[in-house]
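Undergrad: okay, predicted coordinates and the sequence, questions at the end:
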Protein chains: 2
Amino acid sequence: MQRLSTSQADFDARLKALLAFETAQDPAVDAAVAAICDDVKARGDAAVVEYTNRFDRMSAPDMAALTLSRDELAAAHARLDAAVRDALEVAAARVRRYHERQLASSWSYQEEDGTLLGQQVTALDRVGIYVPGGKAAYPSSVLMNAMPAKVAGVGEIVMVVPTPNGEKNDLVLAAAYIAGVDTVFTIGGAQAVAALAYGTETVPQVDKITGPGNAYVAAAKRRVFGVVGIDMVAGPSEILVVCDGQTDPDWIAMDLFSQAEHDEIAQAILLAPSEAYLDAVAASIAKLLPTMPRRDIIEASLTNRGALIAVKDLDEACAIANYIAPEHLELSVAEPEAWLPKLRHAGAIFMGRFTSESLGDYCAGPNHVLPTSRTARFASPLGVYDFQKRTSLIRVSEAGAQTLGRVASLLAHGEGLTAHARSAELRLKD
Amino acid sequence: MQRLSTSQADFDARLKALLAFETAQDPAVDAAVAAICDDVKARGDAAVVEYTNRFDRMSAPDMAALTLSRDELAAAHARLDAAVRDALEVAAARVRRYHERQLASSWSYQEEDGTLLGQQVTALDRVGIYVPGGKAAYPSSVLMNAMPAKVAGVGEIVMVVPTPNGEKNDLVLAAAYIAGVDTVFTIGGAQAVAALAYGTETVPQVDKITGPGNAYVAAAKRRVFGVVGIDMVAGPSEILVVCDGQTDPDWIAMDLFSQAEHDEIAQAILLAPSEAYLDAVAASIAKLLPTMPRRDIIEASLTNRGALIAVKDLDEACAIANYIAPEHLELSVAEPEAWLPKLRHAGAIFMGRFTSESLGDYCAGPNHVLPTSRTARFASPLGVYDFQKRTSLIRVSEAGAQTLGRVASLLAHGEGLTAHARSAELRLKD
């Protein structure tokens, strides 16, 4: 694991190299995805069934065999161990409560001459949620994608989840049941994205697709963007821990592990104003790593992309955090609130020594779908606002048309758009 | 211009054909754009200057020659005709006032055990605004893109606008001055998008790029999406007029023209529950068309993509409007408010006979950058919310870590993520 210090003359270049991650769009993947999307658009269900049987090693005769009803989700929910089911219910209730705070409302105001201006806020009619299959099929991600849509008032939630070799995950289906998903199709990859975007005989066309996936899924989402809405194209997961050197180093080591265990390309970085503290965390890492079931993944991630960085002080740590704009920012310091005004870019901030990222991942309430790869500079956590949209409302009164009409006419003529000008002028009384 | 009626047996198919618009991604454009983007990323200013000189027929020696300061914008502003300058100022003030209503604020709440949850709302640091050059350089678009960013509190606004043959547009530069744009580069095309996305020696890297452009600009925006944020990839402009048959047919004809004059592929559609009224509007169109300076464009647009459609009643008109999800929806009826609850999908609704779309385009206050091509199903007008982003705040108290830790531990073990579980368990007291 790299050791850096901001006192190094070439620190900025080293930091840039550490963060560099090539998310190049692979032309071969793009071409394969384009062919699959076109085929699904043209042949519908037949194409989806063929690709699913081929890529997921299945032998479904038709889309009906790849469709799960609410009853089947309910059965998976009933089969769960009671303690796990309760935990899922607690998490869902907390996620729902938090997201209810995000609901936007319609608004308008009236001007003196009777002109009314505002925005009407409405929910999307139907959304599709992509849930990765196999090892990375996480019930928590089902909750995090579906609950904001449900809270927004989306009319219908369609979920797709590939089931390689036909193996279904009861936890994932139970989470879909709890979150209020209406239909599940056991399909994945670019073919699932295309089916949701264009619709098939069986799969209804949705208005937006959210949820993470592999390179093919990401390329397909980028391709259908505009036909439907999409959320961000997610990169590898990241955590940046800022610590004042007073948190138990075992806690911090485990927090870094909890990010690193996702993926060999996940990134875990610690900033602290003390070389001695970094030594202590390094010792904790060496001590705890052998005890972890996913130690190979953790070690690869920490070696490839991890770093322990000595900073001058916490002010400097905040400046670096803003540059990194991390997905997860753990503020493991005595008075976390004091530093908030200095932090401008992060997906989520986990404040105080007791707030491990994992609490937020599962059940604190906020969404765990967060902007990665420095996109927190401009993007937000997945939320209810992703499933509502706005329509501008403009009602110009007869009196308002007299004053606004003259302004519009002048500007329209200035742009050479005579019909625009005449359209306003026709409403003038004199 | 097509005449349709919902009483036709094949109406649904005809409507679908009318709306069909192939926004296929052209592989040749994509390849050219990829090469330009890579070149700008590698060679910075030198590449931008070369492409600008080639595509815009200029001979700039360096980027300094393609850079305009606030002083030069102020000079353009001072040169304007006083009436036009006043009109721009009035429009800017109204746009500012409306958008101030969209400002989101940070929020949080505390639970009984001291756990705090919320979201911190911050502005983007720096954004880029793309303004098309030549004939389609509209000062109103400068206001509509820059004002929401300014209201959001964006730190720096960088504008790019190509100046083919070196011809600058004083109105556009004056609008940039009024809107508070910090720097203008007279560059365009994929090279301008790449410069904003990656940064060069002279052009600062931005966090988000908004604004319309041609196929190369759209392809470049799609390509850099993820490196920076982008707004929607816009399609041709559209208006859907719903009229009860009581508005002066000349007014409606001119409203249709005001959309059609933008572009041969713009779309203007009228729905009315009366064949006689559609006849009257057709007569107005025939009478007024010869008087329009842009009659060739208007005629091509109306012939290619326009339609007069007879509906059974206004309820049916609302259902069709929801299917079309138009960019602009003119509700030219006696009591427009009564129909709002039935309208779910539109970029903006222009309510009542006096509210011509052109009033909204210039100066009513709401944004004229609106979702096109049925994307109002999931997208919103450009707004302050596009220039603010959110960071989740989570501060779990020691007591909260005990209850949440147990839930997180159960779920993490269920997902096979042991480090996540251990990270929560380390914070348990027993």
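TA: Received the coordinates, thanks.
Undergrad: so which residues of the stretch 201-350 of chain A form helices?
TA: Using DSSP state H, counting those that start in this stretch, the helices of the stretch 201-350 of chain A run over A:215-224, A:249-260, A:275-288, A:295-305, A:314-324.
Undergrad: will you turn those into JSON lines that also has mean pLDDT?
TA: Converted to JSON lines, the helices of the stretch 201-350 of chain A look like this (pLDDT from 0 to 100):
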{"stretch": "helix A:215-224", "mean pLDDT": "90"}
{"stretch": "helix A:249-260", "mean pLDDT": "97"}
{"stretch": "helix A:275-288", "mean pLDDT": "98"}
{"stretch": "helix A:295-305", "mean pLDDT": "96"}
{"stretch": "helix A:314-324", "mean pLDDT": "97"}
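Undergrad: those helices: which one's closest to B:Trp251?
TA: helix A:215-224 (39.0 Å; C-beta to C-beta). (C-beta placed from N, C-alpha, C; glycine too.)
Undergrad: how about that closest one and chain B, touching?
TA: Yes - interface with chain B: helix A:215-224 contributes A:Arg222, A:Arg223 (C-beta under 8 Å from any C-beta of the partner chain).
Undergrad: name the residues that touch that helix?
TA: Helix A:215-224 is contacted from outside by A:25-26, A:29-30, A:32-34, A:36-37, A:130, A:132, A:188-190, A:192-194, A:197-198, A:209, A:213, A:230, A:233-234, B:25, B:222, B:225, using C-beta atoms under 8 Å, 6 or more residues apart in numbering or on different chains.
Undergrad: cool, stretch A:52-67 as well?
TA: A:45, A:48-49, A:133, A:162-166, A:183-189, A:191, A:200-203.
Undergrad: what's the distance between that stretch and the middle of its chain?
TA: 28 Å (C-alpha atoms, centre = their mean, to the nearest Å).
Undergrad: nearest spatial neighbour of the residue of the stretch 51-200 of chain A found nearest chain B, chain-adjacent residues omitted?
TA: Proximity of the stretch 51-200 of chain A to chain B (C-beta to the nearest C-beta) peaks at A:Ala87, 4.2 Å away. Spatial nearest neighbour of A:Ala87, chain neighbours left out: B:Leu410 (4.2 Å); criterion: C-beta to C-beta, 6 or more residues apart in numbering or on different chains.
Undergrad: about what we covered before: contact partners for the residue of the stretch 51-200 of chain A closest to chain B?
TA: A:Cys363, B:Arg406, B:Val407, B:Leu410, B:Leu411, B:Gly414.
Undergrad: about what we covered before: give me the number of residues near the residue nearest to A:Ala87?
TA: 22 (other C-beta atoms under 10 Å in any protein chain shown).
Undergrad: wait, doesn't A:Ser258 sit right on A:Ser358?
TA: Yes - assessed by C-beta atoms under 8 Å, A:Ser258 is found in contact with A:Ser358 at 5.2 Å.
Undergrad: common neighbours of those two, please.
TA: In contact with both A:Ser258 and A:Ser358: B:Leu417, B:His420, B:Ser423, using C-beta under 8 Å, 6+ apart.
Undergrad: these also near chain A: which ones?
TA: Within the shared contacts of A:Ser258 and A:Ser358, those near chain A by C-beta under 8 Å from any C-beta are B:Leu417, B:His420, B:Ser423.
Undergrad: ok, now which ones touch the residue positioned nearest the centre of chain A?
TA: By C-alpha atoms, centre = their mean, chain A has its centre lying nearest to A:Val369, at 3.4 Å. By C-beta under 8 Å, 6+ apart, A:Val369 lies in contact with A:Ser141, A:Met144, A:Asn145, A:Thr210, A:Gly211, A:Pro212, A:Asp231, A:Ala234, A:Pro381, A:Leu382.
Undergrad: once you drop chain neighbours, what's closest to the last one?
TA: This means A:Leu382. A:Val369 (3.7 Å).
Undergrad: can you pull the pLDDT of that neighbour?
TA: The model reports A:Val369 with a pLDDT of 94.
Undergrad: may I ask which helix or strand encompasses it?
TA: Using DSSP states H and E, no element contains A:Val369; it sits outside every helix and strand.
Undergrad: can you report phi and psi for it?
TA: Backbone torsions of A:Val369, given as degrees, to the nearest 10, read phi -90, psi 110.
Undergrad: which intervals of chain A have sub-threshold pLDDT?
TA: Chain A contains residues with pLDDT under 70 at A:22-25, A:135-136.
Undergrad: rerun at 50
TA: The model of chain A has no residue with pLDDT under 50.
Undergrad: output the longest helix belonging to it.
TA: Ranked by residue count under DSSP state H, the longest helix found in chain A is helix A:82-100.
Undergrad: what's downstream of that helix, the next helix or strand?
TA: With DSSP H and E, the next secondary element past helix A:82-100 is strand A:107-110.
Undergrad: how far away is the closest residue to A:Asp313 other than its chain neighbours from A:Cys243?
TA: Of all residues not flanking A:Asp313 in the chain, A:Pro273 sits nearest, at 5.2 Å (C-beta to C-beta, 6+ apart). From A:Pro273 across to A:Cys243, the span is 9 Å (C-beta to C-beta, to the nearest Å).
Undergrad: tell me the most buried of the helices of the stretch 201-350 of chain A?
TA: With neighbours taken as mean count of other C-beta atoms under 10 Å in any protein chain shown, the helices of the stretch 201-350 of chain A reach their highest mean count in helix A:249-260, at a mean of 28.
Undergrad: need the residues of the stretch 51-200 of chain A near chain B, please.
TA: Residues of the stretch 51-200 of chain A lying near chain B (C-beta under 8 Å from any C-beta): A:83-84, A:87-88, A:90-91, A:98, A:101-102, A:107, A:109, A:115-117, A:119-120, A:122, A:124-125, A:135, A:138-140, A:171.
Undergrad: can you give me the helices in the stretch 51-200 of chain A?
TA: Counting by DSSP H, counting those that start in this stretch, one finds helices in the stretch 51-200 of chain A at the ranges A:70-79, A:82-100, A:139-152, A:170-179, A:189-198.
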